[in-house]
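Novice: Turn this into a structure:
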Amino acid sequence: MKPVTEREVDSSASKKNEYDIAVVGLGYVGLTLATVMAEVGFRVLGVEKRQSIVELTNRAQPHFSEVGLAEALKRVRDVGRLDAFTAFPEDAVAQTYIITVGTPLDKQGKVRLDMIEAATREVAAHMRDGALVILRSTVQAGTARNVVSRILEGTGKSFDIAVCPERTLEGKALTELRQLPQIVGADTQEVRERAERVFRRLTKTTVQVSSLESAEIIKLVDNTYRDLQFAFANEVARMCEAWGVNAYEVIASGKLGYERTNVALPGLVGGPCLEKDPHIFRQSALAKGLDLEITAAARLVNERQPQETVRFIVQQMDKRGLPADSRVALLGMAFKGRPATDDLRGSMSLKVLDLIKRELPKARIVIFDPVIDGQVLEETIDGVEVASSLLEAVKGSHVSIIANNHPDLGQHSPIALQEIMHPKGFIYDYWNHFSNLSATELGQSYFAVGHLGGR
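Specialist: Numbers count the residues shown, from 1 in each chain. The predicted structure is shown next:
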């Protein structure tokens, strides 16, 4: 890549077509980043292929639920510091380009790079000499160097490239963009400092690493480590179920006052990051002829949990003599409930739903989510009834499955729920919402991951 002479981020853009930052991709990562960057004073251009999202953004309406985003987006739109387009305006000028498009897995489980390539080509066609290009998407190691840089080099223009991975938690993104240390990876100190100056406006702490690949791998390590922790918790749950003891009691008691043990609690493991990043981490190793056995085993444990748990649910239904057309309530469809989100990407609740449909083809399935609008659920998920409240979903059900950890799903005790369910019905709780209750308070028709003592 050619050297760049101008290294300062120009935040004094005053002309209508001049922008400090161009964010390519206004999904969850891109829109939250663009909004916070506009809040700290940058003039931001957002590029997003989906016309509906561009229209919503320019009306200051986020296309997903995130605490504080609607208010922040309205503020920056009102003062003219964030504009969204479906393509780069021909006369627009930007100093820095940040690529935030998605990197889903294909049907073979390999990370897709087509959106990265398309976004990079757009940047390459639009950028001027001296641009700073930052890759923020989660990618396989080597993508910035072997994909993004090569496309940019084909233009003959000078540019700098850095990798600054996104690491925020859905539901806390606006806060964490201001508080979390920002990883900044580039091949030279000059470029690291240039990219650091962009993010220093957001957060007080930046962490420089010595290469593009180091920054790419850090993001993969972060999420793979969490996946490993949750996989071990789910292994503990399986062990406790086999011995008829309470996994929550084992885990909570074992780490109380004992700093060397901090086991996570079991539950469904999914979402847009944890379902794919360990696979990308492993693919990065396979590219160098290595296999990561622990990473692969952790994914196996977490991905097979829905099959194992639905098998138990079906067995329990048979044991209780429940009919083939039982009413099954599935509560909590977003991939998580704490912090609350309306994100269905990578939701293990959907995996559970698909398995229930397959194992119980005659079942009458009703779903409910405390955050996701009922109309959205109706438009997104086929073959189910959508309830407007938790109690409406549970009433008359033969099986009630609590599938995410939103606190609203634990506001009614198991015995209270059982009173409005079918007399032979039961509850299966993936998240141990009622771990503080005694066996008497739980009743004989409550089961949870790692707690099948009600049998």
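Novice: For Gly396, which non-adjacent residue is spatially closest?
Specialist: Nearest residue to Gly396, sequence neighbours excluded (Cβ to Cβ, 6 or more residues apart in numbering): Arg327, at 5.8 Å. Where you see a C-beta, it was placed from the backbone N, CA and C, and this is true even at glycine.
Novice: For Ser413, see how far away that neighbour is.
Specialist: 20 Å (Cβ to Cβ, to the nearest Å).
Novice: Compare those two (neighbour count), which wins?
Specialist: Regarding Arg327 and Ser413, a neighbour count based on other Cβ atoms under 10 Å identifies Arg327 as having more, with 22 against 16.
Novice: Who are the contact partners of that one?
Specialist: The contact partners of Arg327, by Cβ atoms under 8 Å, 6 or more residues apart in numbering, come to 363-366, 396-399, 422.
Novice: ok, now with 10 Å
Specialist: Residues counted as contacts of Arg327 (Cβ atoms under 10 Å, 6 or more residues apart in numbering) are 363-366, 385, 393-400, 421-422, 425.
Novice: Using the record's assignment, carve this structure into domains.
Specialist: What the record gives for the chain is the domain set 18-211, 228-448, from automatic domain parsing.
Novice: Quick one: residues contacting Ile218.
Specialist: 163, 165, 167, 183, 185, 207, 209.
Novice: Return the member of these nearest to Leu344.
Specialist: Arg167 (21.5 Å; Cβ to Cβ).
Novice: before we move on, the earlier item: now the domains of the chain as CSV including mean pLDDT and distance to Leu220?
Specialist: Conversion of the domains of the chain to CSV gives the following (pLDDT from 0 to 100; distance: least, Cβ to Cβ, whole Å):
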stretch, mean pLDDT, distance to Leu220
domain 18-211, 97, 7
domain 228-448, 96, 4
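Novice: closest one to Asp222 among the ones you listed?
Specialist: domain 18-211 (6.1 Å).
Novice: Report the separation between the closest residue to Lys357 other than its chain neighbours and His422.
Specialist: Leaving aside its sequence neighbours, Lys357 sits nearest to Gly383 (Cβ to Cβ, 6+ apart; 6.5 Å). To His422, Gly383 is 21 Å away according to Cβ to Cβ.
Novice: and these two? which has more neighbours close in?
Specialist: For the pair Gly383 and His422, the greater number of neighbours falls to His422 (19 against 7), based on other Cβ under 10 Å.
Novice: The residue nearest to the more buried one when sequence neighbours are not counted: what's it in contact with?
Specialist: Closest residue to His422 apart from its sequence neighbours, by Cβ to Cβ, 6+ apart: His398 at 4.6 Å. Applying Cβ under 10 Å, 6+ apart, we find His398 in contact with 317, 320, 322-323, 325-329, 363-364, 421-426.
Novice: Looking at those, which are in helices?
Specialist: Judged by DSSP state H, the subset of the contacts of His398 located in helices is 317, 320.
Novice: From the contacts of His398, list just the buried residues.
Specialist: 317, 320, 322, 326-329, 363, 421-422, 425-426 (16 or more other Cβ atoms under 10 Å).
Novice: Tabulate those (a markdown table), appending distance to Asn17.
Specialist: Output for these, formatted as a markdown table (distance: Cβ to Cβ, whole Å):
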| residue | distance to Asn17 |
| --- | --- |
| Met317 | 63 |
| Arg320 | 68 |
| Leu322 | 65 |
| Ser326 | 61 |
| Arg327 | 58 |
| Val328 | 56 |
| Ala329 | 54 |
| Ala363 | 57 |
| Met421 | 61 |
| His422 | 64 |
| Gly425 | 63 |
| Phe426 | 63 |
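Novice: Okay, Val123 and Met317: tell me how far apart.
Specialist: 54 Å.
Novice: same check, this time on Val191
Specialist: Distance from Val191 to Met317, by Cβ to Cβ: 60 Å.
Novice: How about whichever helix or strand Gln283 is part of, which residues are buried there?
Specialist: Counting by DSSP states H and E, the element that carries Gln283 is helix 277-286. Residues of helix 277-286 classed as buried by neighbour count (16+ other Cβ under 10 Å): 277-285.
Novice: can you check stretch 155-171 too?
Specialist: For stretch 155-171, burial by neighbour count (16+ other Cβ under 10 Å) applies to 155, 157-168, 170-171.
Novice: before we move on, what about stretch 353-373?
Specialist: So, applying 16+ other Cβ under 10 Å, buried residues of stretch 353-373: 353, 355-356, 360, 363, 365-372.
Novice: Check the residues you listed and tell me the two furthest apart.
Specialist: Leu360 and Val371 (26.1 Å).
Novice: Ramachandran coordinates for the residue nearest to His422?
Specialist: When read as degrees, to the nearest 10, the backbone of His398 gives phi -90, psi -30.
Novice: in the stretch 51-200 of the chain, which spans are helices?
Specialist: Listed in chain order, the helices found in the stretch 51-200 of the chain under DSSP state H, counting those that start in this stretch are 51-58, 69-78, 114-126, 143, 149-153, 173-179, 189-199.
Novice: Sounds good, over and out.
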